[in-house]
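Visitor: Can you look at this prediction? I've put the sequence above it.
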Amino acid sequence: MKIGFIGLGNMGAPMAHNLLKAGHTVNVFDLNAQAVQALVDAGARAAGSPKAAVTDVECVVTMLPAAAHVRSVLTADDGVLAGIAKGVTIIDSSTIDPASVKALAELAAQHGNTLVDAPVSGGTGGAAAGTLTFMVGGSAAAYEQVKPVLSAMGKNIVHCGDTGTGQVAKICNNLVLGITMAGVAEAMSLGAALGIDPKVLGGIINTSTGRCWSSDTYNPFPGVIEAAPSSRGYTGGFGTDLMLKDLGLATDAARSARQPVYLGALAQQLYQTMSTKGAGRLDFSAVIKLYQFEEKPR
């Protein structure tokens with residue numbers, strides 16, 4: 001297929017690479033010229049605008065930081081809806097609020113296009129390996145249409161229900177993720193303070209009832225999991241500011257549904273503190289820094 005791909009960040013770039021590996025022709029656009037060039041070197045075609053990226057394509061994928069970016073990319077004078085042909089499906093894999101997805105899907109429908117929400121889980125490692133989970137919101141027919149494209153980038157393609165339900169699944173999943181990472185950070189820091197080797201503690205947790213993705217794959221204590229961002233200075237992962245954004249989406253949605261999220265609100269404050277301290281670009285597992293204190297001079 002000929003695919004337009006917009007948004008080449010830590011997740012979008014490897015996803016676009018996997019579309020190329022699957023044999024698709026990919027037009028790419030991003031404000032980061034280096035990210036675009038890396039994809040061009042891999043065989044993609046550079047586009048000068050979102051409009052140019054979607055001219056004469058059969059499918060469009062957007063992977064952007066927030067709802068405002070998605071709306072701008074879709075509706076700007078040089079945006080997607082200005083260049084896309086009627087009948088072409090738009091897959092938005094950004095993580096945004098369900099209400100925005102529904103509004104954007106209505107705009108696309110007025111133009112003669114279907115927009116499905118398909119946020120992802122699996123991190124940058126899953127994006128690179130092509131093993132992401134896609135949570136798809138849209139009609140059954142739209143799901144069947146986009147599944148072959150998503151299968152080139154992920155292993156688990158789940159139809160969640162109508163438009164917006166993919167985002168519901170994603171914000172609930174990341175609510176769990178943010179909370180469990182803070183819990184693992186707290187436990188690992190306590191263990192280290194009490195004198196146990198962090199690798200030993202991590203191994204015990206990962207074969208016991210405390211086991212979770214935040215511990216066995218993304219452990220926040222440096223050196224416990226060699227492939228985790230914590231072992232490379234908390235770089236190259238899922239940014240603290242992005243986790244803060246996702247927890248904000250969850251708490252906002254909970255407010256609209258009049259549903260309490262006690263631990264989610266506390267986790268949000270922890271990541272807000274990290275961001276305020278200037279650590280927003282570090283991987284969210286750097287939340288463990290809140291539990292580690294420099295030794296005071298005697």
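Guide: Looks like it came in fine.

Visitor: hey, let's count contacts and neighbours off CA atoms from now on
Guide: OK.

Visitor: Would you agree Leu263 falls within a strand?
Guide: No - counting by DSSP: H, G, I helix; E, B strand; the rest coil, Leu263 is not found in a strand; it is helix.

Visitor: Quick check: it touching Gly178?
Guide: No - using Cα atoms under 8 Å, Leu263 makes no contact with Gly178, being 9.4 Å away.

Visitor: So for the two, which residue has more residues nearby?
Guide: The neighbour count for Leu263 versus Gly178, taken as other Cα atoms under 10 Å, is higher for Gly178 (26 against 14).

Visitor: Excluding covalently adjacent residues, which one is nearest to that one?
Guide: Ala267 (6.4 Å; Cα to Cα, 6 or more residues apart in numbering).

Visitor: which residues touch that neighbour?
Guide: Gly178, Ile179, Ala182, Leu247 (Cα atoms under 8 Å, 6 or more residues apart in numbering).

Visitor: Which of the helices or strands spans the first one?
Guide: Yep, that's Gly178 we're talking about. Element membership for Gly178, per DSSP states H and E: helix 165-193.

Visitor: Same question for the last one.
Guide: Remark: Leu247 resides in helix 240-257, with elements defined by DSSP H and E.

Visitor: What helices and strands are in contact with that helix?
Guide: helix 165-193, helix 262-276 (3 or more Cα pairs under 8 Å, 6 or more residues apart in numbering; DSSP states H and E).

Visitor: Next, count neighbours for Gly126.
Guide: Using other Cα under 10 Å, Gly126 is surrounded by 19 other residues.

Visitor: sec struct for it, please.
Guide: With three-state DSSP as the criterion, Gly126 reads helix.

Visitor: quick one: it from Thr217, how far?
Guide: Going from Gly126 to Thr217 by Cα to Cα, to the nearest Å gives 11 Å.

Visitor: swap in Asp162?
Guide: For Asp162 relative to Thr217 (Cα to Cα), the value is 32 Å.

Visitor: try Lys277
Guide: Using Cα to Cα, we find Lys277 at a distance of 26 Å from Thr217.

Visitor: More neighbours: which of those two?
Guide: Set Lys277 next to Thr217 and count neighbours by other Cα under 10 Å: Thr217 wins out with 16 against 9.

Visitor: which ones are touching the more buried one?
Guide: Ile225, Ala228.

Visitor: One more pass at 10 Å, please.
Guide: Counting by Cα atoms under 10 Å, 6 or more residues apart in numbering, Thr217 touches Asn206, Arg211, Val224, Ile225, Glu226, Ala227, Ala228, Pro229.

Visitor: ok, the third one touching Ser214?
Guide: No - at 11.7 Å, Val224 does not count as touching Ser214 under the criterion of Cα atoms under 10 Å.

Visitor: shared neighbours of the two, anything?
Guide: Contacts common to Val224 and Ser214, judged by Cα under 10 Å, 6+ apart, are absent.

Visitor: Rebuild the helices and strands packed on helix 240-257 as CSV, extending it with mean pLDDT and distance to Met135.
Guide: Listed next are the helices and strands packed on helix 240-257 as CSV, based on pLDDT from 0 to 100; distance: least, Cα to Cα, whole Å:
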stretch, mean pLDDT, distance to Met135
helix 165-193, 97, 5
helix 262-276, 97, 21
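
Visitor: Any idea which of those gets closest to Phe29?
Guide: helix 165-193 (23.6 Å; Cα to Cα).

Visitor: who does the following helix or strand past the closest one touch, helix- and strand-wise?
Guide: Sequence order places helix 198-205 as the next helix or strand after helix 165-193, per DSSP H and E. If contacts are counted by 3 or more Cα pairs under 10 Å, 6 or more residues apart in numbering; DSSP states H and E, helix 198-205 sits against helix 165-193, helix 213-216.

Visitor: For stretch 90-105, what is the distance to the chain centroid?
Guide: Stretch 90-105 has its C-alpha centroid displaced from the chain centroid by 13 Å (Cα atoms, centre = their mean, to the nearest Å).

Visitor: Need the distance between the two termini of that stretch.
Guide: By Cα to Cα, one end of stretch 90-105 lies 9 Å from the other end.

Visitor: in stretch 36-51, what counts as buried?
Guide: Neighbour-count burial for stretch 36-51, with 16 or more other Cα atoms under 10 Å as criterion, is recorded at Val36, Gln37, Leu39, Val40, Gly43, Ala44, Arg45, Ala46, Ala47, Ser49, Pro50, Lys51.

Visitor: before we move on, what about stretch 136-153?
Guide: Those would be 136-139, 142-143, 146-147, 149-153, for stretch 136-153 by 16+ other Cα under 10 Å.
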